[in-house]
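Here's my sequence, what's the structure:
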Amino acid sequence: MESTMERSKIQVLYDACNAVFSDQKELPTYQKIQWLKNHLDMIEAADVGIDEFSPRGSPSSSPEGAKGLICGQEVSEITYIHIYECDDFSIGVFCFPAGGVFPLHDHPRMTVLSKLLYGSVYVKAYDWVKVDNSSCRTIGLAGTVIDQIFSAPCDPTVLFPRSGGNIHSFTALTPCAILDVLSPPYSEEFGRPSTYFSDTPIPSLPGYAMLEEKDLPDDLIVNGAPYLGPPVDTGLDLC
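The predicted model follows:
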């Protein structure tokens, strides 16, 4: 078997995700999540096929960009690079132009690990305090978990099904990219849709807001781009 030194970083991440998330009857332990987080922390933009510095090309205008890499500085719309997905987990990268906004959205029954690969992003994140799902639209009280700017390099973050800022938004202050691992992935079929929310701060309760489900924003455009990083060998994995 290949040693870790002989495998690409994205291959090491895939193998770690497969070990932690596949066929899990229960949520992974804290120790396993920390182990996985350490692998995520090792990855840089070039390891997933992105040139964060080159001013030439973009996923939309020149998919292969300079040196066969996607050129992150010239991304003009929010762009998702799909790396891998199975029933147990998915791996992908969101590239943002400066000023790009991904509105408040949730991660139902999901564990999410994220690594800011480059750039700066403002993150607002909430966890539910009390939620009402009895009507056609979810509404409830939520507490602020994150309200800050992140600039690379910084530690990866982890969201759990009910904690860590499970409902969050991103506003790119500079061109940036976020590597995401989701377990399990979004799935309408299995009751894990992506739901969007508006937030209304409560002046009398600093740090809290009322969140209300809303339709998919008309101005949210997410392009797709090819994955140009090292290939991921799934071996005999049948996910």
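
going forward, measure contacts between C-alpha atoms and count neighbours the same way
OK.

so where do the helices sit in this structure?
Secondary structure of the chain (DSSP state H): helices located at 9-21, 30-41.

Those helices: which one's closest to residue 81?
helix 9-21 (13.4 Å; C-alpha to C-alpha).

which residues touch the closest one?
Contacts with helix 9-21, where a contact means C-alpha atoms under 8 Å, 6 or more residues apart in numbering, come from 4, 28, 32-33, 36, 39-40, 42-43, 47-48, 88-89, 91, 183, 230-233.

Next: stretch 190-208.
Contacts of stretch 190-208 (C-alpha under 8 Å, 6+ apart): 103-109, 141-144, 185-187, 209-216.

Filter these down to just the buried residues.
With burial judged by 16 or more other C-alpha atoms under 10 Å, the buried subset of the contacts of stretch 190-208 is 103-109, 141-144, 185-186, 209-213.

Next step: those residues restricted to strands.
Assigned to strands by DSSP state E, the following of those qualify: 103, 104, 105, 141, 142, 143, 144, 209, 210, 211, 212, 213.

bridging residues for the third one?
Here residue 105 sits in beta bridges with residue 168, residue 196, as judged by DSSP bridges.

can you check the fourth one too?
Taking DSSP bridges as the rule, residue 141 bridges to residue 130, residue 210.

measure it to residue 212 for me?
To residue 212, residue 141 is 9 Å away according to C-alpha to C-alpha, to the nearest Å.

who's in contact with the residue most central in space within the chain?
Centroid check for the chain by C-alpha atoms, centre = their mean gives residue 180 as the closest residue, at 3.4 Å. Listed by C-alpha under 8 Å, 6+ apart, the contact set of residue 180 reads 90, 91, 92, 93, 94, 112, 113, 114, 115.
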